[in-house]
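# starting from these lines, generate the structure:
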Amino acid sequence: MVEFLNRVNKVVNDVLMWVAGCMLAFMIILTCANIFCRLVWLPIRGTFELMGYFGAVVTAFALGYTQTKKGHIAVDIVVLGFPPRVRAVLNAINCAICAVFFIIVGWQIWRYATNLWRTGEVTETLRIIYYPFTYAVAVGCFALAFVFIVHLLNSLVGREGTK
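Numbering: from 1, shown residues only. As a prediction, this is how the structure comes out:
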């Protein structure tokens, strides 16, 4: 079961990272196009809005992948002095707390996105709906929570391969 969850975790976060990469490439193209268009005094309308929303989605979608690669900042100078068993227990506690935290964050962002959807909120310049971007951020938080849950389960069954 844990092996299956590890595979699902990898696939989900690889897909989200691929989408984030495509969105980042689009952001780069849009920025370059906007700079070029400004040279001829015709900037692309709504670039600032799109950069903000795409940036939020790129960041949220990269959270889980980054955690699987242990790419987030970790200050563990004190923990490294503990015996391996204590470190494993502290890691499990940390994974549980982080999973609960990001489930709550994702749930609250999801509720906020639903509120935006029901009220019909749109962006100021382009007048596009932005609840899909908010739902995407919630999905990124849920994906990160899933990574922490899988790491927790790996540590409970004694697997070291939680990278």
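
# in the lengthiest helix in the chain, what's buried?
Counting by DSSP state H, the longest helix found in the chain is helix 2-39. Neighbour counts over helix 2-39 (16 or more other Cβ atoms under 10 Å) mark 6, 9, 12-13, 16-17, 19-20, 23-24, 27, 30, 34 as buried. C-betas here are computed from N, CA, C, even on glycine.

# what about the helices in this structure?
For the chain, the helices defined by DSSP H occupy 2-39, 47-68, 84-119, 131-156.

# which stretch among those helices comes nearest Thr125?
Closest to Thr125 of the helices of the chain is helix 47-68 (Cβ to Cβ; 5.4 Å).

# quick one, that closest one and helix 131-156 angle?
10 degrees (axes from the mean of the first three to the mean of the last three Cα atoms, to 10 degrees).

# give me every residue that touches the spatially most central residue of the chain.
With distances taken as Cα atoms, centre = their mean, the chain has Ala60 as the residue nearest its mean C-alpha position (2.6 Å). Listed by Cβ atoms under 8 Å, 6 or more residues apart in numbering, the contact partners of Ala60 are Ala136, Val137, Ala138, Val139, Gly140, Cys141.

# nearest to Val105 among the residues you listed?
Distances from Val105 to the contacts of Ala60, taken by Cβ to Cβ, are shortest for Cys141, at 4.9 Å.

# residues touching the closest one, list them.
Counting by Cβ under 8 Å, 6+ apart, Cys141 makes contact with Ala60, Leu63, Phe102, Ile103, Val105, Gly106, Ile109.

# quick check: the residue of the chain positioned farthest from its centre vs Met23, distance?
Computed with Cα atoms, centre = their mean, the maximum C-alpha offset from the centroid of the chain is found at Val40, amounting to 36.8 Å. Taking Cβ to Cβ, to the nearest Å as the measure, Val40 falls 26 Å from Met23.
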